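# pasting the structure only:
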């Protein structure tokens, strides 16, 4: 009999430790964190940490790593709420609408300070440096996305840079981190890093695809957010190559009646939607294959399944 | 002959290292940092680091500490530009007005990532933890200030908590840091920490005083910013005790014609302005006296002079 994965138990302990870690004496800090931290989310990044740890036979400080990775993600969401001017996030009002931009940004900073605390607890200066580097790449990627939208500097190359920096880099730290903490340096560590990068890219490609082609009911938010912010995605970039009007729609931020429906129709009828789905499946497959150097285990299988699920994720 | 302080040389090396540290491949990140980082400021915090280091006979990694302290300060300014809705900062347009809130917040995050990098370079996990703690206190202090304004929860106790958290804590890290890096644990380290706290409090008290009572020409910005944000200061708190109309003015954010002039006149005529100035001098004197346990040196004298200057600073 295969021993069952203790993943759910680890995730439960994670939730408890997270609540403890972000406790604050300041009321408004607590209110913000009730929304974004304790109200959950899919906890994909902690899941990646625990699975990657399992795949190398268990790593020290995996809980601290999972907390740090999730805190960086949550802080970015808080700093992103302003940026995206997200109408709804996870089906709730964006935090800043209730308490003001100020409190969102500063509560994000509070989370970053707790990240630093929990990373220090691992005693690994190499991990501190890895978080420094990932946070740098992440911040630069977010600014680059804004810059590309502002300058209409649309290209597939910039799209790959953006999804790698703003999403894949942190996923890669989540999966490489356990190997780092275990002191591994060879093929296993490289395999986990590669998996995280490719999985992260597939994940963001899927998110971007759903942002326009998904169902508002499944997503819990209106579609077309990226278009409204002038952000090009793989889908709109490929459409742009064939239909000049798509650039015009992006330029006017989808501001005319029927713009979004027009994009969706073009994507479906031209076959570009299918092509994007195929590219996402391809990236997910590359992610799964990146794990080949690792010994077989239920953890490795679970990571593969996570990646392959990106080919059909609906929310 | 007393050996001259190499302070100016250290500050020049600091500027160079800072420019190098915040270099980015992303154009919009560079634009923001030209404004806020490379365009200077008084560099009070790096100055504190170098002087405190000198006062204990020189500490390892003083440059890295100075960089980290200034980066935390600069990131806070970038995240604060939104909060304060500062019309002008250092006499220039606030960064976010030119490139949007998004870019300010994320460029601040970029600075925080560089802070983490430079702290890791010191190899001191104790310093990482000290920055984690200071960043936590700072973020909570900023949120508390917002909360107090939103709930009109005005009190001298909250005022002391806010100035200690948002300003004095980082000053204390700047002065205690060299002792920490040198591995000191006793009276010298405690003296430097106490100095930083008291100096930081005096500094913020003076800033708040000038925000209403200063001259717009000297400050390079309009007076009354705190009143417009509903932020109580020592001055308005003491006025409130005597004149109920002051609470009403704060409640309406100084929105009626003559409100600011009324507050300034009340402060002058009631003697409250003088009382606040006396309290600032007292706090500065306490800061200077906190240095007593340290051996005499030009560095100690320079720190004392810095503190005592708060009694008369005009900008």
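Perfect, thanks for sending it. Computed from a predicted model, the values in this text were never measured in an experiment.

# which residue ends up closest to the midpoint of chain A in space?
What sits nearest the mean C-alpha location of chain A, by C-alpha atoms, centre = their mean, is residue A:167, with 4.4 Å.

# Leaving out sequence neighbours, find the closest residue to that residue.
residue A:204 (4.0 Å; C-beta to C-beta, 6 or more residues apart in numbering or on different chains). Every residue, glycine included, has its C-beta placed from N, CA and C.

# Repeat that for residue A:207.
Residue nearest to residue A:207 in three dimensions, not counting chain neighbours: residue A:167, with 7.9 Å by C-beta to C-beta, 6+ apart.

# List the contacts of that neighbour.
Listed by C-beta atoms under 8 Å, 6 or more residues apart in numbering or on different chains, the contact set of residue A:167 reads A:200, A:201, A:203, A:204, A:207.

# Dump these into TSV; add pLDDT and neighbour count as well.
Below are the contacts of residue A:167 laid out as TSV (pLDDT from 0 to 100; neighbours: other C-beta atoms under 10 Å in any protein chain shown):
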residue	pLDDT	neighbour count
A:200	98	30
A:201	98	23
A:203	98	25
A:204	98	23
A:207	97	18
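
# now, which of these sits nearest chain B?
The closest of the contacts of residue A:167 to chain B turns out to be residue A:204 (C-beta to the nearest C-beta; 16.9 Å).

# and that closest one, that's in a strand?
No - counting by DSSP: H, G, I helix; E, B strand; the rest coil, residue A:204 is located in no strand; its state is helix.

# My read is that it contacts residue A:168, right?
Yes - here residue A:204 reaches residue A:168: they are 6.8 Å apart, a contact under C-beta atoms under 8 Å.

# measure the residue nearest to the centre of chain A to residue A:218 for me?
Distance of residue A:167 to residue A:218, computed by C-beta to C-beta, to the nearest Å: 20 Å.

# do the same with residue A:160
27 Å.

# Looking at the two now, which is surrounded by more residues?
Neighbours were counted for residue A:160 and for residue A:218 using other C-beta atoms under 10 Å in any protein chain shown; residue A:160 has more, 14 against 11.

# got the contact list for the more buried one?
Residue A:160 neighbours (C-beta under 8 Å, 6+ apart): residue A:201.

# so it is in which element?
helix A:156-163 (DSSP states H and E).

# in that helix, what's buried?
For helix A:156-163, burial by neighbour count (16 or more other C-beta atoms under 10 Å in any protein chain shown) applies to A:158, A:159, A:161, A:162, A:163.

# who's in contact with residue A:105?
A:78, A:79, A:82, B:79, B:82, B:83, B:105.

# What about those residues, which are in helices?
Using DSSP state H, the subset of these located in helices is A:78, A:79, A:82, B:79, B:82, B:83, B:105.

# List just the nearest of those to residue B:297.
For the ones in helices among the contacts of residue A:105, the minimum distance to residue B:297 (C-beta to C-beta) is 36.5 Å, reached by residue B:79.

# where's that closest one relative to chain A, distance?
Counting by C-beta to the nearest C-beta, to the nearest Å, the separation of residue B:79 from chain A is 5 Å.

# pretty sure that residue contacts residue A:112?
No - using C-beta under 8 Å, residue B:79 is not in contact with residue A:112, being 10.5 Å away.

# quick one: residue A:209 and residue A:279 touch, right?
No - checked against C-beta under 8 Å, the pair residue A:209 and residue A:279 is beyond contact range at 9.4 Å.

# Strands along chain A, start to end?
For chain A, the strands defined by DSSP state E occupy A:88-89, A:92-93.

# Tell me where chain A is predicted with low confidence.
Low-confidence segments of chain A (pLDDT under 70): A:1-5, A:36-40, A:83-99.

# wait, what's in contact with residue A:69?
A:45, A:46, A:48, A:49, A:170, A:173, A:174, A:177.

# Need those in JSON lines (columns: distance to chain B).
Supplementary listing: the contacts of residue A:69 in JSON lines, determined by distance: C-beta to the nearest C-beta, whole Å:
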{"residue": "A:45", "distance to chain B": "17"}
{"residue": "A:46", "distance to chain B": "20"}
{"residue": "A:48", "distance to chain B": "21"}
{"residue": "A:49", "distance to chain B": "19"}
{"residue": "A:170", "distance to chain B": "12"}
{"residue": "A:173", "distance to chain B": "12"}
{"residue": "A:174", "distance to chain B": "17"}
{"residue": "A:177", "distance to chain B": "15"}
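
# Narrow those residues to those in helices?
Using DSSP H, the contacts of residue A:69 in helices are A:45, A:46, A:48, A:49, A:170, A:173, A:174, A:177.

# Adding distance to residue B:260 and neighbour count, write those out as TSV.
Below are these laid out as TSV (distance: C-beta to C-beta, whole Å; neighbours: other C-beta atoms under 10 Å in any protein chain shown):
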residue	distance to residue B:260	neighbour count
A:45	49	24
A:46	51	26
A:48	54	29
A:49	53	28
A:170	47	24
A:173	50	29
A:174	52	31
A:177	53	32
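
# just the residues you listed now: which is nearest residue A:18?
Taking the ones in helices among the contacts of residue A:69 together and measuring to residue A:18 by C-beta to C-beta, the closest member is residue A:46, at 8.6 Å.

# how far is stretch A:259-274 from where the chain is centred?
Relative to the chain's own centre, stretch A:259-274 is displaced by 25 Å; criterion: C-alpha atoms, centre = their mean, to the nearest Å.

# what's next to it, contact-wise?
Contacts for stretch A:259-274 (C-beta under 8 Å, 6+ apart): A:209, A:212-213, A:223-224, A:227, A:235-236, A:238-239, A:242-243, A:245-246, A:249, A:252, A:254, A:276.

# Filter those down to just the buried residues.
By 16+ other C-beta under 10 Å, the contacts of stretch A:259-274 give A:209, A:212-213, A:223-224, A:227, A:235-236, A:238-239, A:243, A:246, A:249, A:254, A:276 as buried.

# and of the residues you listed, the nearest to chain B?
Nearest to chain B out of the buried ones among the contacts of stretch A:259-274 is residue A:227 (C-beta to the nearest C-beta; 16.9 Å).

# and residue A:154, what is it in contact with?
A:148, A:232, A:237, A:240, A:247, A:250.

# hmm, which of those residues are the buried ones?
Among the contacts of residue A:154, those buried by neighbour count (16+ other C-beta under 10 Å) are A:148, A:232, A:237, A:240, A:247, A:250.

# List the ones among these that fall in helices.
Counting by DSSP H, the buried ones among the contacts of residue A:154 contribute A:148, A:237, A:240, A:247, A:250 to helices.

# Start from the N-terminal end of the stretch 151-300 of chain A and give the helices.
A:156-163, A:169-181, A:187-213, A:216-219, A:225-228, A:234-242, A:244-251, A:259-270, A:272-290, A:298-309 (DSSP state H, counting those that start in this stretch).

# Mind putting those into TSV with distance to residue B:73?
Shown next, in TSV, are the helices of the stretch 151-300 of chain A (distance: least, C-beta to C-beta, whole Å):
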stretch	distance to residue B:73
helix A:156-163	29
helix A:169-181	26
helix A:187-213	32
helix A:216-219	40
helix A:225-228	34
helix A:234-242	40
helix A:244-251	38
helix A:259-270	43
helix A:272-290	41
helix A:298-309	41
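
# What parts of the stretch 101-250 of chain A come near chain B?
Selection of the stretch 101-250 of chain A residues close to chain B by C-beta under 8 Å from any C-beta of the partner chain yields A:101-103, A:105-107, A:109-110, A:112-114, A:116-117, A:119-120, A:123, A:125, A:128-129, A:131-136, A:138-140, A:142-144, A:146-147, A:150.

# Show the buried residues in those residues.
Of those, these count as buried by 16+ other C-beta under 10 Å: A:101-103, A:105-107, A:109-110, A:112-114, A:116-117, A:119-120, A:125, A:128-129, A:131-136, A:138-140, A:142-144, A:146-147.
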